[in-house]
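Colleague: attaching a predicted model along with its sequence, questions to come.
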Amino acid sequence: MRGKPERRPWLVNDDDHTIVNTYAAEYRGLVQYYLLAGDVYRLNRVHWVMLTSLLKTLACKHDSSVSKMAAAYKATVETPFGPRRCFQASVERGSRKPLVARFGGIPLKRQKNAVLVDRRPVQVASRRTELITRLVAGRCEMCEQTVAARVEGNHGRPATQDPRGLPGMPYLHSRRAASRATHGVITREPVAGKPARRVREGGVGKGLRSTSPTPYLAVQRFTPLLAEAARPCRHSPGDRWYVDETYVKIAGRWAYLYRAIDQYGQVIDVLASERRDQLAARRFFHRALAHGRRPVEVTTDKAPVYPRILDELVPEACHVDARWENNRIESDHSRLKARLRPMRGLKRLRSAQTISTGHALVQNIRRGHYELATDTEPRLRLAAAFIELAHAI
C-alpha cells in the first residue's frame with residue numbers, strides 16, 4: 001500500500017458522528033471478514049491509513065490539526081484481549097442513551113471461531129447533511145432568534161432585501177450591500193480552540209463568523225449572472241493568442257484547465273476538463289473563437305494536438321511553439337493558482353469551471369478590458385463595476 005492518506009472532502013459537511021461512523025463501518029467490515037486469516041495482523045497498515053484519513057477529514061471540517069483531533073476523540077475500550085485504543089464520537093440525546101460511533105478497538109488477532117456480523121442498514125427516506133439541517137432550521141445560532149423574516153449583517157444591520165419581495169434572500173444591489181449580507185449559518189463558538197476564520201470575500205460582513213460553504217455558494221450562484229451581464233461590455237480580444245493548460249485538483253484527482261490570453265493580458269476564455277486530449281482542445285477553441293476576432297498568431301506548447309486543431313479551425317493563423325514563447329500565459333497561471341491554493345479543494349468539475357470563470361472576469365475588470373467604471377480610479381474600478389453589474393442582474 002503506497003501513497004499518502006488523504007481526507008474525504010465529500011464528508012466535511014456531515015457531523016462528527018456520521019464521519020466517524022462511516023470510517024468505522026468500512027474498517028469493521030474489512031477486519032471481521034479477515035479474522036479467520038492467520039496473518040490478520042497485517043491489517044494494522046490499513047488501520048493506520050484509514051485512521052489518518054479520518055483525522056484529516058475531521059481536521060478539515062474543524063479547521064484544526066490532526067494531532068488536536070486525535071487528542072479530542074481518543075478513547076479506550078475493553079476487549080477480550082485487554083484494553084484497546086480507539087477513536088469515538090458521541091451524540092447526546094437527553095434522557096435516552098447517547099449514540100456512539102467508534103473507530104478501531106478491534107484486536108487484530110486470529111479468531112478460529114469468528115462469526116461475520118452483518119448489520120442491516122437503516123432505511124431512510126432522504127439523507128440530509130449537517131449544513132442543510134442547520135439552514136432549514138431558520139434560526140441564528142448566536143442569539144437563537146428566527147431569521148425567516150430578514151437576513152441581518154453584523155447582528156443588527158439589515159441587509160439589502162430582494163426587490164421581488166422574497167423573504168430572507170439578500171439581493172446583490174451594490175458591492176457595499178453585498179459585503180454586509182449574510183448568506184449562510186453563523187457559528188456560535190470557535191472550533192477546536194482556534195479563533196473562527198473570518199471570511200473577507202463572498203458576502204460575509206466583517207466580524208461575523210461563517211461556515212466555509214457560505215462564500216462558495218454565493219460564488220456558484222452569482223458568478224454566471226455577473227459574467228453574462230458583463231459580456232456586452234467586454235473588449236474584443238487581440239489578434240495574438242497565448243494558449244496553455246494548467247493543473248487543478250478536483251476531489252483528490254488532477255484535472256486540466258485550458259486558458260488563453262491575448263497580447264494585452266485579457267483572459268479570452270477558460271475551460272475545465274478531465275482529460276487533456278483532442279476533444280477537449282477542440283471544445284476550448286470553439287468557445288474561444290465565439291468571442292469575436294479570430295487570431296492571426298497562436299502561441300502554444302509542443303502538445304501534438306494543437307497543430308491539427310489549428311489547421312482545422314483557424315488555418316490562416318500562424319502557429320508558434322518555440323521554447324520560451326509561451327511564458328506570458330505560463331506566468332498568468334500564477335494569479336489563478338494564488339486564489340486556488342488557500343482553498344480547501346474543489347469537489348466538482350463544474351465548480352472549477354465557475355470559479356475560474358469568475359476569476360477571469362475579476363482579472364479582466366481590474367486590467368480595464370471591460371467598458372465598466374472607466375472613469376474610476378484603478379483601485380476602485382472593481383467595486384464600481386460590480387455596482388453597475390448589480391443593476392443588470
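Modeller: Alright, I've got the coordinates.

Colleague: so for stretch 310-320, what gets flagged as buried?
Modeller: The neighbour-count check on stretch 310-320 (16 or more other Cβ atoms under 10 Å) flags Leu310, Leu313, Val314, Ala317 as buried. (Glycine included, C-beta is placed from N, CA and C.)

Colleague: which one of these is nearest to Arg282?
Modeller: Nearest to Arg282 among those is Leu313, at 7.3 Å by Cβ to Cβ.

Colleague: just the buried residues of stretch 310-320: which are in helices?
Modeller: Residues of the buried residues of stretch 310-320 located in helices (DSSP state H): Leu310, Leu313.

Colleague: may I ask which two of the buried residues of stretch 310-320 are separated the most?
Modeller: Between any two of the buried residues of stretch 310-320, the greatest separation by Cβ to Cβ is 8.8 Å, found for Leu313 and Ala317.

Colleague: can you give me the helices in this protein?
Modeller: Counting by DSSP H, the chain has helices at residues 16-33, 44-62, 66-73, 130-137, 175-180, 213-230, 278-289, 305-313, 327-340, 349-366, 381-392.

Colleague: let's have those helices in CSV, adding distance to Lys97.
Modeller: Formatted as CSV, those follow (distance: least, Cβ to Cβ, whole Å):
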stretch, distance to Lys97
helix 16-33, 14
helix 44-62, 24
helix 66-73, 19
helix 130-137, 22
helix 175-180, 45
helix 213-230, 32
helix 278-289, 54
helix 305-313, 62
helix 327-340, 45
helix 349-366, 40
helix 381-392, 53
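
Colleague: worst mean pLDDT among the ones you listed?
Modeller: Per-stretch averages of pLDDT across the helices of the chain put helix 175-180 at the bottom, with a mean of 40.

Colleague: roughly how far does Gly252 sit from Trp10?
Modeller: 10 Å (Cβ to Cβ, to the nearest Å).

Colleague: you'd agree Ile261 is up against Asp244?
Modeller: No: when contacts are counted by Cβ atoms under 8 Å, Ile261 is not listed as touching Asp244 (9.1 Å).

Colleague: those two - which one has more neighbours?
Modeller: Ile261 (24 against 20; other Cβ atoms under 10 Å).

Colleague: so how far is His62 from Arg102?
Modeller: 19 Å.

Colleague: likewise Ala290?
Modeller: Separation of Ala290 from His62 (Cβ to Cβ): 45 Å.

Colleague: neighbour count for those two, which is higher?
Modeller: For Ala290 versus His62, the count of surrounding residues by other Cβ under 10 Å is larger for His62: 18 against 8.

Colleague: what residue ranges in the stretch 151-300 of the chain score low on pLDDT?
Modeller: For the stretch 151-300 of the chain, residues meeting the criterion pLDDT under 70 lie at 151-214.

Colleague: quick check: closest non-adjacent residue to Lys109.
Modeller: Phe81 (6.2 Å; Cβ to Cβ, 6 or more residues apart in numbering).

Colleague: next, give phi and psi for that neighbour.
Modeller: Phe81 adopts backbone torsions of phi -100, psi 20, taken as degrees, to the nearest 10.

Colleague: you'd agree it is up against Ile106?
Modeller: No: the criterion here is Cβ under 8 Å, and Phe81 misses it with Ile106 at 9.8 Å.

Colleague: and those two? which has more neighbours close in?
Modeller: More crowded of Phe81 and Ile106, by other Cβ under 10 Å: Ile106, with 22 against 11.

Colleague: residues in contact with that one?
Modeller: Residues in contact with Ile106 (Cβ atoms under 8 Å, 6 or more residues apart in numbering) are Tyr27, Arg28, Val31, Gln32, Thr79, Arg84.

Colleague: please redo it, this time with the cut-off set to 6 Å
Modeller: By Cβ atoms under 6 Å, 6 or more residues apart in numbering, the contact list for Ile106 reads Val31.

Colleague: residue closest to the middle of the protein?
Modeller: The centre of the chain sits closest to Leu346, judged by Cα atoms, centre = their mean, with a distance of 3.5 Å.

Colleague: that one and Lys249 touch, don't they?
Modeller: No: with contact defined as Cβ atoms under 6 Å, Leu346 does not reach Lys249; the gap is 7.2 Å.
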